[in-house]
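In: okay, here's the prediction I keep looking at, along with the sequence it came from:
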Amino acid sequence: MGAILETRISESVAPSDASPARVAREFRALLAAGAKLLPAGEARRRPRQLLARGYTPKHRIDLFDTRFYLTDVRQDAYIRYFVAYVVPPRVGARALTIHPRIFYKDVSLQWRAASHFVRSDGENWIGKGDVRSVVDDGYETTTSAEETTDLPFEMQTAVEVLIRRVRAVRRDDAGVPLVLRRAPKHRIEAYRDFTAPRRRAQAERRNLINGGRSIARFTRKHDPASLRFVAGFEPDFGAGIVEHARSQSRLYGGAVDRYRTFSRNRKIQYLFLASPRHAWIVPPQATTTELTSYGVRTIDVIADEDLFVPGYEYHYIDDDDDPPVLVSQIPKGFVGPASELDPARADASPWLDRIPVIAEFKRRVVRRRR
C-alpha cells in the first residue's frame, strides 16, 4: 500500500512581507548552500542563466511545507505570467531541489502552473497537465484535465495580491521557452515529472475522493436543473465559507468576488466567483497537503465538467479547418452573446444561471454580502 496523504482545513496564506532584496538574497543563499536549480526548458544546460538574465525572485509565498519564490510579473504575446521557483521539502539526505515553473492566469481567473508548451507557425499552446479519456456521443477522446494545473486555492489570493501591486508589466517573450519543456506538435499530455507524483498518490485508493468517482453530475444531458451531488459533497454556504477576496478583470467588467467554501463533509473545497454579470464555479480541490514540484495537488476531485464552465468560454468558428468547424465549450442551446473584448468567447450565463447550486450561491451569498 502507498502512503496515506495528510489533509488539512487551512486558511489562505499571504505573501511574505520580506523585501524584494531580502527575498533575492535568501534565494541566492539556497543556491550557494548546494540547492540544485532544475529548469525543464532551454535553460536546463545552464540553469544559472535565469538569474543572469533577470529572473531573480522578488516575492515569497509559503504553503504547507513548500516554498514558492516569484519574479515580478511578465507578459508575452499570449499570457501574463510569473517565473516561479518551487522548492519542495528536502527528502532525506538529498540536496534541496528548486524547480523553475511558469504561473499564469486562465480565463476562469485561476492561477495555474503550465506543464509544458507547444509552439509552431501560428500556434502557441500552453500545456494543461494530465489527460483524461472522455466518451461523448459514443466516441472516446483524450482531453486535457486542465484543473490538474490549478494552483492550490489556499495560495490563489496571495498571487492575486502580487499582481495588484504591479504598476507596469515587463514584456518578455523569453521566459516561457527558457523555463518550460517544449513538446512536439499535438502533444497534450504532460511529461512524467508532472504525472508520476500523481500516479503514486492515486495508487493508494484511500487517498481518492469518493473512491475516485464523480461527486456531482447532470442526470440529463444539456439540462442544468438535473445536477445532483453525492450526499455530503454539496458546498456549505453556511458555516463552510472560509474566505472572501476580491480581484479585478476587464473581461468580466470590474470587480470579481471570490468565495472559498468547504463541502458539508469537509472533504473537498470549492471556489465560487461572482462578477457584476456572472457567477461560476472553479473545479473543486481536495484538502490534501502534498504538492508536486509544479506546486499543484496530486489528488483530484472528479465531477461533471459542465458544472465548471466559466462566465465566458470558447465559442467560435475555426477557419483553419476545411470546411470550417464550430468550436464550443458551452453546452448546446445555452450560448449567449460574444464578449466585446474577446470575440472567440461567448457569454455562458444562460447555462450557468440555471444550475441550482449557482442560483443558491447567488441567493445566499452574493446578494447578502454586496
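Out: Alright, I've got the coordinates.
In: residues in contact with the residue nearest to the spatial centre of the chain?
Out: Note on the chain: the residue nearest the mean C-alpha position is residue 150, at 1.9 Å, using Cα atoms, centre = their mean. Shown in contact with residue 150 (Cβ atoms under 8 Å, 6 or more residues apart in numbering): 110, 111, 112, 282, 283, 285, 296. The C-beta positions use only the backbone N, C-alpha and C, and glycine is treated the same way.
In: so which of those residues belong to strands?
Out: Counted as lying in strands by DSSP state E, out of the contacts of residue 150, are 111, 112, 282, 283, 285.
In: filter the residues you listed to the buried ones?
Out: Buried residues within the ones in strands among the contacts of residue 150, counting neighbours by 16 or more other Cβ atoms under 10 Å: 111, 112, 282, 283, 285.
In: right, and the last one touches residue 153 too?
Out: Yes: applying Cβ atoms under 8 Å as the test, residue 285 and residue 153 come out as touching, 5.6 Å apart.
In: overlap of the contact sets of these two?
Out: Counting by Cβ under 8 Å, 6+ apart, the residues touching both residue 285 and residue 153 are 269, 271.
In: which one of the ones in strands among the contacts of residue 150 is nearest residue 199?
Out: Here the nearest of the ones in strands among the contacts of residue 150 to residue 199, counting by Cβ to Cβ, is residue 285; it sits at 18.4 Å.
In: state the pLDDT value of that closest one.
Out: Residue 285 is assigned a pLDDT of 98 by the prediction.
In: tell me the contacts of it?
Out: Contact analysis of residue 285 by Cβ under 8 Å, 6+ apart lists 150, 152, 153, 268, 269, 271, 297, 301.
In: same question, residue 26
Out: So residue 26 contacts 18, 60 (Cβ under 8 Å, 6+ apart).
In: does it belong to a helix, a strand or coil?
Out: helix (DSSP: H, G, I helix; E, B strand; the rest coil).
In: any idea how far apart the tips of stretch 304-312 sit?
Out: Distance between the two ends of stretch 304-312: 18 Å, counting by Cα to Cα, to the nearest Å.
In: mind listing the helices for the protein?
Out: In the chain, the segments counted as helices under DSSP state H are 20-32, 49-52, 153-164, 175-179, 192-203, 349-352, 356-361, 367-369.
In: the longest one: how far from the chain's middle?
Out: Translated: helix 20-32. 27 Å (Cα atoms, centre = their mean, to the nearest Å).
In: now it: mean pLDDT?
Out: 97.
In: buried sites along that helix?
Out: 23, 24, 27, 30.
In: ok, now which ones touch the last one?
Out: Contacts of residue 30 were listed using Cβ under 8 Å, 6+ apart, and they are 87, 96, 98.
In: how about 10 Å then?
Out: Neighbour list for residue 30: 36, 37, 67, 69, 85, 87, 96, 98 [criterion: Cβ atoms under 10 Å, 6 or more residues apart in numbering].
In: try residue 21
Out: With contacts defined as Cβ under 10 Å, 6+ apart, residue 21 is in contact with 56, 58.
In: do the same with the one 10 residues further on
Out: Residue 31 makes contact with 37, 47, 48, 51, 96, 98, according to Cβ under 10 Å, 6+ apart.
In: what distance do you get for the third one to residue 32?
Out: Just to be clear, that refers to residue 48. For residue 48, the distance to residue 32 (Cβ to Cβ, to the nearest Å) stands at 11 Å.
In: now the second one
Out: Applying Cβ to Cβ, one obtains 14 Å for the distance of residue 47 from residue 32.
In: bridging residues for the residue nearest to the centre of the chain?
Out: Note on residue 150: beta-bridge partners by DSSP bridges are residue 112.
In: returning to that earlier point: and the contacts of residue 150 as CSV, adding distance to residue 342?
Out: Compiled in CSV, the contacts of residue 150 are given as follows (distance: Cβ to Cβ, whole Å):
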residue, distance to residue 342
110, 17
111, 19
112, 18
282, 19
283, 21
285, 27
296, 26
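In: out of the residues you listed, which comes closest to residue 198?
Out: Using Cβ to Cβ, residue 296 is the member of those that lies nearest residue 198, at 8.9 Å.
In: and the closest residue to that closest one other than its chain neighbours, what does it touch?
Out: Nearest residue to residue 296 in three dimensions, chain neighbours excluded: residue 113, at 5.5 Å (Cβ to Cβ, 6 or more residues apart in numbering). By Cβ under 10 Å, 6+ apart, residue 113 lies in contact with 84, 86, 99, 101-104, 127, 129, 148-151, 194, 291-296.
In: circling back: closest one of the contacts of residue 31 to residue 6?
Out: Among the contacts of residue 31, residue 96 lies closest to residue 6 (Cβ to Cβ), at 20.9 Å.
In: any idea how far residue 271 is from that closest one?
Out: In terms of Cβ to Cβ, residue 96 sits 31 Å off from residue 271.
In: higher neighbour count, the two?
Out: Shown here are residue 96 and residue 271; by other Cβ atoms under 10 Å, residue 271 has more neighbours (23 against 16).
In: who does that one bridge with?
Out: With DSSP bridges as the criterion, residue 271 is bridged to residue 260, residue 282.
In: so what's it scoring on pLDDT?
Out: The per-residue pLDDT reported for residue 271 equals 97.
In: picking that back up, Throw the ones in strands among the contacts of residue 150 into TSV and include distance to residue 331, thanks.
Out: Listed next are those as TSV, based on distance: Cβ to Cβ, whole Å:
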residue	distance to residue 331
111	26
112	23
282	18
283	16
285	24
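In: now residue 203. Nearest residue, chain neighbours left out?
Out: residue 2 (4.9 Å).
In: please check the contacts of residue 31 and keep the buried ones.
Out: Buried residues within the contacts of residue 31, defined by neighbour count using 16+ other Cβ under 10 Å: 37, 47, 96, 98.
In: and the nearest residue to residue 20 once chain neighbours are set aside, what does it touch?
Out: Closest residue to residue 20 apart from its sequence neighbours, by Cβ to Cβ, 6+ apart: residue 58 at 3.8 Å. Residues in contact with residue 58, defined by Cβ under 10 Å, 6+ apart, are 18-24, 27, 69-73, 82, 162.
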